[in-house]
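Novice: Need a 3D model of the following:
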Amino acid sequence: MNLTIRRMQDDDLQAVHRLETAIFKDPWTYSNFQSEIENSKFSYPCVMLADQSIIGYAVVWYYSTEVHISNFAIHPDHRKKGLGERLLNHILHKFKTYETANLEVRRSNMAAINLYSKYAFNTLYTRTAYYSDGEDALVMVKYLNI
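Specialist: Numbers count the residues shown, from 1 in each chain. Below you'll find the predicted structure:
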């Protein structure tokens, strides 16, 4: 499998949005992703491709000394193969000069929590009823320059 990670482009939007709606209960809209592509000053949307097919993506916001991973997904058929780690490593390497990286994750998403914990993200606090279905989010942070 030939893997590449690159900045998201307009041509990726349909595939990314299709994957987003298949994975998440509260999916981002097509126009949300489109806005991220257009906002290159503070946003880094990227895609992971396997043999030219999008199998994962992330959206990272960066400002001042902080990085926020606002969206992160791997296609269900490609999970448990270390691809989430590759995508996360890509992000952490790209933004290694920043001070912190943070994110929200569903309390029930143990696979994601385990991945982030493996990479030294720690839970700071819980956002009660953060998601539209009432589920809590864990706010996790990693200190990048320690």
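Novice: now the helices: where do they sit in the chain?
Specialist: Ranges of helices in the chain, per DSSP state H, are 13-23, 30-38, 83-94, 110-118.
Novice: So which elements touch the last one?
Specialist: Meaning helix 110-118. On a contact count with 3 or more C-beta pairs under 8 Å, 6 or more residues apart in numbering; DSSP states H and E, helix 110-118 meets helix 83-94, strand 100-106, strand 137-143. For the C-beta atoms, the positions are set from N, CA and C on the backbone; glycine is no exception.
Novice: Need the residues that contact it.
Specialist: Applying C-beta atoms under 8 Å, 6 or more residues apart in numbering, the set of residues contacting helix 110-118 from outside is Phe72, Arg79, Gly84, Glu85, Leu88, Leu103, Val105, Arg106, Leu138, Met140, Lys142.
Novice: and if you look at the second one?
Specialist: Where contact means C-beta under 8 Å, 6+ apart, the residues beyond helix 30-38 that reach it are Met8, Gln9, Asp10, Leu13, Gln14, Val16, His17, Glu20, Ser43, Pro45, Val59.
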